[in-house]
Structure formats: C-alpha cells, structure tokens
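Participant: all I have is the shape, not the residue letters:
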C-alpha cells in the first residue's frame with residue numbers, strides 16, 4: 001500500500017517525475033514503520049493476547065469493558081505510529097528551505113499522502129492479525145484499485161487527494177470491522193470452546 005503510488009508514478013510518467021522526491025517523501029513512513037515494529041507491534045500483540053487471556057479468565061460481564069479497552073489501545077497504536085511519521089514529515093519540510101528547496105503543492109502532497117497510506121496499511125495489518133486476511137485483503141485491493149485509476153486518470157496532486165479520500169473511507173470501514181471483531185471476540189471464543197467440547 002505504501003509503494004503502489006510510487007510505482008505507478010514512475011511507470012506512468014516515464015521519467016517526467018522526480019523519483020528522488022518520491023522516495024525522500026517516503027522517509028517519514030519508513031521511520032514510523034521502524035518505530036512501529038520496534039515498539040508498537042509488541043503492544044498490538046499484548047492487546048490481542050491480553051484480550052484472549054481475559055476472555056478465558058474473567059466473567060462474561062467484563063467482556064464489553066475489556067473489548068472497549070482493546071479497541072482504544074489498538075487505535076492508540078495506530079495513532080502513535082502515524083504521529084511519528086507526521087512529526088518526521090513536518091521536520092523534513094521545515095528543514096527543506098535550509099537546503100534551498102521551497103516546497104511545492106506536489107511535494108506537500110507527496111509528504112502528506114503517505115501518512116494516510118500508512119494508516120490504511122496499519123489497519124490492514126491489524127485486521128489481518130485480529131479479523132483474518134479476508135478483510136485486510138479487501139482493504140488492500142480497494143486501495144490498489146483506487147490508486148491505479150486515480151494516478152492513471154488524474155494529475156498527481158488530485159490523484160493523491162482522491163487516494164487519501166478513499167483511504168479515509170477504508171480506514172473508517174476497517175475501524176468498524178475491527179470494533180465489531182473486538183465486540184464479538186468473546187462470543188466467538190465461547191462457541192469455539194462449546195463446539196470443541
């Protein structure tokens with residue numbers, strides 16, 4: 001999800017696009033992903049494992065509270081990761097005049113859009129971890145389809161805006177799916193145990 005727009009810009013614009021800028025604009029997301037896998041991924045695992053443990057050891061009455069806490073913590077993991085990317089992007093953009101570079105609208109879009117792509121990528125990852133691959137695959141396929149159509153048919157800045165708008169919708173849908181999975185987690189575990197018994 002983080003690379004498809006870069007690939008399409010390179011292929012469709014065949015040398016008319018600043019490749020260095022494409023990849024420099026991706027640095028904040030790479031830094032955020034490193035931070036995610038260094039600290040936040042373990043937090044996600046702790047959330048899921050803690051929810052499973054509480055489902056096995058706590059009374060059914062506490063499930064709603066536990067799943068609400070898990071949902072909030074999962075959103076916090078995503079928010080903190082995107083905040084790292086955002087802070088890095090802002091820092092890089094603030095340093096660009098020192099390097100003699102005046103940010104253009106396209107450069108701002110290339111730095112801002114990957115923050116949303118990162119959010120969608122993390123949502124797909126979380127869905128794959130918690131809900132299964134089907135929901136994550138749908139999110140990724142929708143992002144890919146919108147990216148291909150937008151970059152092929154629209155000017156770069158507008159294409160990025162369209163992809164971001166689509167990713168906002170996908171993030172909302174993914175968030176609802178994740179909350180739904182968290183809220184039914186206990187009942188699914190109960191039925192799995194009942195069937196196994």
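Facilitator: Structure received. Small disclaimer: the values here were computed from a predicted structure and weren't measured.

Participant: from the contact counts, what lies against the host helix or strand of residue 163?
Facilitator: Assigned by DSSP states H and E, residue 163 belongs to helix 156-196. Judged by 3 or more C-beta pairs under 8 Å, 6 or more residues apart in numbering; DSSP states H and E, the packing partners of helix 156-196 are helix 4-13, helix 41-57, helix 63-95, helix 105-130, helix 133-153. From N, CA and C alone the C-beta is placed, and that goes for glycine too.

Participant: so the lowest-mean-pLDDT helix or strand in the chain versus helix 63-95, what angle?
Facilitator: Every helix and strand of the chain was ranked by mean pLDDT, DSSP states H and E. The lowest is helix 41-57, at a mean of 77. If you take axes from the mean of the first three to the mean of the last three C-alpha atoms, to 10 degrees, helix 41-57 sits at 170 degrees to helix 63-95.

Participant: surely residue 179 touches residue 70?
Facilitator: No - look at residue 179 against residue 70 with C-beta atoms under 8 Å: they stay out of range, at 9.7 Å.

Participant: those two: who's more crowded?
Facilitator: Set side by side, residue 179 and residue 70 show more neighbours around residue 70, with 25 against 16, by other C-beta atoms under 10 Å.

Participant: my guess is the more buried one contacts residue 53, does it?
Facilitator: No - shown here, residue 70 and residue 53 do not form a contact pair, counting by C-beta under 8 Å, at 11.2 Å.
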